[in-house]
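Participant: The following block contains a protein sequence and its predicted model.
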Amino acid sequence: MGTSMRVIDWGEFISGERAGETMPLAITIGVFDGVHIGHRTLISRIRAADSCVPTVVTFRQNPMKTVDPARPSVDILNLTEKLAFLEALGVELTVLIDFSQEFSKINGRDFIDLLLGRHPVKLIALGENFRCGCGLDIGVREIGDLARSQGVETWIAPSVMDDGQLVSSSRIRRALAAGRVAEAERLLGRIENGRDKSGP
């Protein structure tokens, strides 16, 4: 990769300041815990966008720790590890959200307006089950409508399946908890044909 990934916080992003950046953004959004093979489909798409800065909008910690603090949750990767994987996969800009109780009250339309309204954005890539906003009030259909109204292309990733089941961070956590390390490594894309493909 030619340049180091830039990491900024949400406040800096929505301030509209992008010193040294002139190209539009290609954005994907999510927790990206584990940066598994499903996540990599989204990252590949934003990297393929012509003359764009591949940009990931993610969280310093899993939002569920704020939304449902009593629910046990173990991260697959810590923040440092996650950022290292994103950089190794060619992401050039990562925006970190501190998901607070205050942030959790933002409705989905306002969040997307902030996301798309502060910088030129050419593409937003989302998983087909992606939802956001207070109470997860909007999904990919509504986001697509909002994006089109601002001249932004939306790309919806098909579900990535493995052994007839959806690849997800939750599934990887269950596999690790049950000691199915080989399954978890396969879903994370770390092992292929017996070779380590972990990246960073």
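Facilitator: That came through fine.

Participant: roughly how far apart are the closest residue to G108 other than its chain neighbours and A48?
Facilitator: Of all residues beyond its chain neighbours, the one nearest G108 is G133 (2.5 Å), with distances taken as CB to CB, 6 or more residues apart in numbering. Heads up, the C-betas are built off the backbone N, CA and C, glycines and all. Look at G133 and A48: by CB to CB, to the nearest Å, they are 28 Å apart.

Participant: can you check V57 too?
Facilitator: Taking CB to CB as the measure, V57 falls 18 Å from A48.

Participant: ok, back up a step: residues contacting the residue nearest to G108?
Facilitator: Neighbour list for G133: 106-111 [criterion: CB atoms under 8 Å, 6 or more residues apart in numbering].

Participant: Repeat the analysis, applying 7 Å as the threshold.
Facilitator: The contact partners of G133, by CB atoms under 7 Å, 6 or more residues apart in numbering, come to 106-108, 111.

Participant: likewise T58?
Facilitator: Counting by CB under 7 Å, 6+ apart, T58 has contacts 30-32, 94, 96.

Participant: spatially speaking, which residue is in the middle of the protein?
Facilitator: By CA atoms, centre = their mean, the mean C-alpha position of the chain lies nearest to G30, the distance being 3.1 Å.

Participant: ok, of the contacts of G133, which come out buried?
Facilitator: Buried members of these, counted by 16 or more other CB atoms under 10 Å: 106, 108, 111.

Participant: out of V57 and A48, which sits in the busier spot?
Facilitator: Of the pair V57 and A48, V57 is the one with more neighbours under other CB atoms under 10 Å, namely 20 against 13.
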